[in-house]
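# generate coordinates for the sequence data below:
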Amino acid sequence: LSDLIALKLHNFEDDVGEIVNRAQKEEKMEQALKKIGSTWVTLEFVFTQHKDTDVQLIKLSEEDFETLEDHQLQVQNMMGSRYLSTFEEEVTGWQTKLSGVADVVTIMNEIQRTWAYLETLFIGSEEVKKELPEDTERFAGIDVDVKRVLKGFF
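Now for the predicted structure:
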């Protein structure tokens with residue numbers, strides 16, 4: 001105790017308080033980044049069979065999608081923190097990765113939803129095939145491409 005008194009830290013109470021506060025905020029940010037990292041190491045897409053085919057549809061579970069949104073919000077808040085400098089590279093990296101995952105999930109959901117709807121029309125309906133033969137032929141090519149991409153995920 002006498003060593004601490006000899007340092008006369010009581011004369012620098014505000015400075016010491018700011019250093020302690022900064023260290024606590026950085027520790028909190030570091031722990032949040034570790035939690036984000038450990039979550040995404042184990043997180044996996046969910047595959048479900050499309051109708052009676054060998055095609056698997058890909059998605060994130062509802063819980064995992066909420067986790068994605070939560071982590072994006074956490075990272076965005078970190079970007080606005082005055083304590084960012086220590087972890088800026090890691091935070092920016094997570095911002096890019098999470099944004100990429102969100103974009104892929106959104107695009108894949110839209111593609112799969114649209115494809116499944118059109119598949120019913122152009123492959124399942126003889127009337128549509130007769131009425132729109134060029135569109136049916138064009139969709140047949142799209143159908144092959146979408147199935148190839150989806151099979152590539154699984």
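# the lowest-mean-pLDDT helix or strand in the chain: which residues count as buried?
Every helix and strand of the chain was ranked by mean pLDDT, DSSP states H and E. The lowest is helix 2-7, at a mean of 82. Going by neighbour count (16 or more other Cβ atoms under 10 Å), nothing in helix 2-7 comes out as buried. Every C-beta, even on glycine, is put in place using the N, C-alpha and C of the backbone.
# show me the helices in the chain, by range?
All helices of the chain, identified by DSSP state H, fall at 2-7, 13-42, 62-79, 88-122, 126-131, 133-153.
# what's the closest of these to Asp52?
For the helices of the chain, proximity to Asp52 was assessed by Cβ to Cβ; helix 88-122 is nearest, at 12.6 Å.
# next, the angle helix 133-153 makes with the closest one.
Between helix 88-122 and helix 133-153, the angle formed by their directions is 140 degrees, by axes from the mean of the first three to the mean of the last three Cα atoms, to 10 degrees.
# from Lys8, how far off is the residue located most distally from the centre of the chain?
Largest separation from the mean C-alpha position in the chain: Ser2, at 52.7 Å (Cα atoms, centre = their mean). Counting by Cβ to Cβ, to the nearest Å, the gap from Ser2 to Lys8 is 12 Å.
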